[in-house]
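> pasting the sequence and the predicted model now:
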Amino acid sequence: MRLQSFTGNYLDPDTPAHWRQKIEISGLNTLTLGIYVEVLQRWLGDITGVFARGKIIRPVREGYGVIVPICSRFSAVFENGAEGVLEFSGINALAEGDRLEIYGSPAR
C-alpha cells in the first residue's frame, strides 16, 4: 500500500501559523494523517506496527512556536500482514492531489 498526501499549503515561510499547526486548536494532528489512518484501518485492518519520521521546516511563524511536523513519512504493518508507506507534505510546490495505491489479492 502506498499513500501520498501532498499540498503546497505551507510553502510561504512568511505566513502566520495555520490553525492545523496550532496544537491548542487542532491537537497534535499531523496534516491529513488521522483522516487516512481511519480509512485505511477500515479497509486493511488495524495497524500493528509503525515507524515514523517527521520534520518541522519553519519552527517559528510570526512568533508562534510550531511543533507539528510539516513533512512526515510512515511505514506501517497491518494485522493481516499488509505493509504500507504513507507520505505527507504541506510544502510540495507541485502537489497534484492525494494518491492511494493498494496492491495484492483479496483475502480468501
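Yep, it's here.
> what residues sit buried inside the lengthiest helix in the chain?
Longest helix of the chain, by residue count under DSSP state H: helix 33-44. Going by neighbour count (16 or more other CB atoms under 10 Å), the buried part of helix 33-44 is 33, 36-37, 40, 44. C-beta: built from backbone N, CA, C; applies to glycine.
> what does stretch 76-90 give?
So, applying 16+ other CB under 10 Å, buried residues of stretch 76-90: 76, 78, 82, 84, 86, 88-90.
> ok, of these, which one's closest to Leu3?
The shortest gap between Leu3 and any of these belongs to Leu86, at 4.5 Å (CB to CB).
> the closest one sits in which helix or strand?
Assigned by DSSP states H and E, Leu86 belongs to strand 83-89.
> now do that strand: which elements does it pack against?
strand 2-6, helix 33-44, strand 71-78 (3 or more CB pairs under 8 Å, 6 or more residues apart in numbering; DSSP states H and E).
> can I get that strand in CSV, CA atoms only?
Provided in CSV are the C-alpha atoms of strand 83-89 (Å, rounded to 0.1, in the frame of the first residue of the first chain):
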residue,chain,number,x,y,z
GLU,A,83,2.5,-3.3,4.7
GLY,A,84,2.4,0.3,3.5
VAL,A,85,4.2,3.6,3.2
LEU,A,86,2.4,6.9,4.0
GLU,A,87,3.9,10.2,3.0
PHE,A,88,2.6,13.6,3.8
SER,A,89,3.9,17.1,2.9
